[in-house]
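A.B. asks: Got a predicted model here, sequence first, then my questions.
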Amino acid sequence: MMIVDALPFYTLMIDPAATTETAARQATAMRDWLLVQSPEQIKEFQKTSITRLAKTKAVRPALVTAGINSDRKTVADAVYELMTTDLRPELARIKAPIEIVYAYDALFGVPAARVDAMYRQAYASAPDVHFTRIDDSFHFVMLDQPERFSSAVELFLNH
């Protein structure tokens with residue numbers, strides 16, 4: 001199983017001590033906020049979000065357009081579920097090898113070692129997990145570093 005730039009509990013990125021209970025309030029607020037934004041506000045939100053998710057400027061317009069054209073209720077509900085679902089207790093049950101590919105860039109303002117530790121701690125209960133950090137990339141590693149991402153996928157599939 002390959003997981004690309006995702007934690008088993010998303011809200012750990014916001015609050016390292018988060019629980020599903022503490023995340024619910026933030027998740028509800030985010031869901032409700034997304035649902036009441038005007039089309040102009042959503043467009044600005046998408047532009048701002050994608051700037052933090054894709055380092056490569058050339059790919060940003062298509063991502064912004066996709067976000068704007070997505071069904072708002074579906075997105076809001078998905079964000080809520082993402083923020084309140086903690087899959088860490090399930091990791092020990094996974095029998096297949098897990099490859100975690102994740103992004104890092106100094107522009108995050110966080111030391112690489114701290115990002116490494118966050119991923120390793122979040123997946124600590126997985127019995128067979130390996131990590132590949134792709135530097136000079138934001139969340140969309142496949143768009144920011146396509147060659148390195150392809151190499152990581154090929155290495156994983158041939159392993």
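C.D. replies: Thanks, I have it.

A.B. asks: what about the longest helix anywhere in the chain, average pLDDT?
C.D. replies: In the chain, ranked by residue count with DSSP state H as the criterion, the top helix is helix 20-36. Averaged over helix 20-36, pLDDT sits at 96.

A.B. asks: swap in stretch 115-126?
C.D. replies: Taken as a whole, stretch 115-126 carries a mean pLDDT of 97.

A.B. asks: before we move on, what about stretch 84-103?
C.D. replies: Here the average pLDDT along stretch 84-103 is 97.

A.B. asks: hmm, back to that, counting by contacts, list what the longest helix of the chain packs against.
C.D. replies: If you count contacts as 3 or more Cβ pairs under 8 Å, 6 or more residues apart in numbering; DSSP states H and E, helix 20-36 packs onto helix 72-84. From N, CA and C alone the C-beta is placed, and that goes for glycine too.

A.B. asks: Show residues contacting the helix it packs on.
C.D. replies: 10-11, 20, 23-24, 26-28, 30-32, 34-35, 42, 67 (Cβ atoms under 8 Å, 6 or more residues apart in numbering).

A.B. asks: quick one, domains of the protein?
C.D. replies: Here the domain parsing of the chain from automatic domain parsing is 2-8+88-157, 20-84.

A.B. asks: Quote the end-to-end distance of the shortest one.
C.D. replies: Distance between the boundary residues of domain 20-84 (Cα to Cα, to the nearest Å) amounts to 5 Å.

A.B. asks: before we move on, back to that, can you name the next helix or strand after the longest helix of the chain?
C.D. replies: Sequence order places helix 39-53 as the next helix or strand after helix 20-36, per DSSP states H and E.

A.B. asks: Quick check: phi and psi on residue 94?
C.D. replies: Phi and psi for residue 94, reported as degrees, to the nearest 10, are phi -80, psi 120.

A.B. asks: can you tell me how far the residue lying closest to it once chain neighbours are set aside sits from residue 111?
C.D. replies: Closest residue in space to residue 94, ignoring its immediate chain neighbours: residue 126 at 6.1 Å, by Cβ to Cβ, 6 or more residues apart in numbering. Taking Cβ to Cβ, to the nearest Å as the measure, residue 126 and residue 111 are separated by 24 Å.

A.B. asks: Cheers, nothing more for now.
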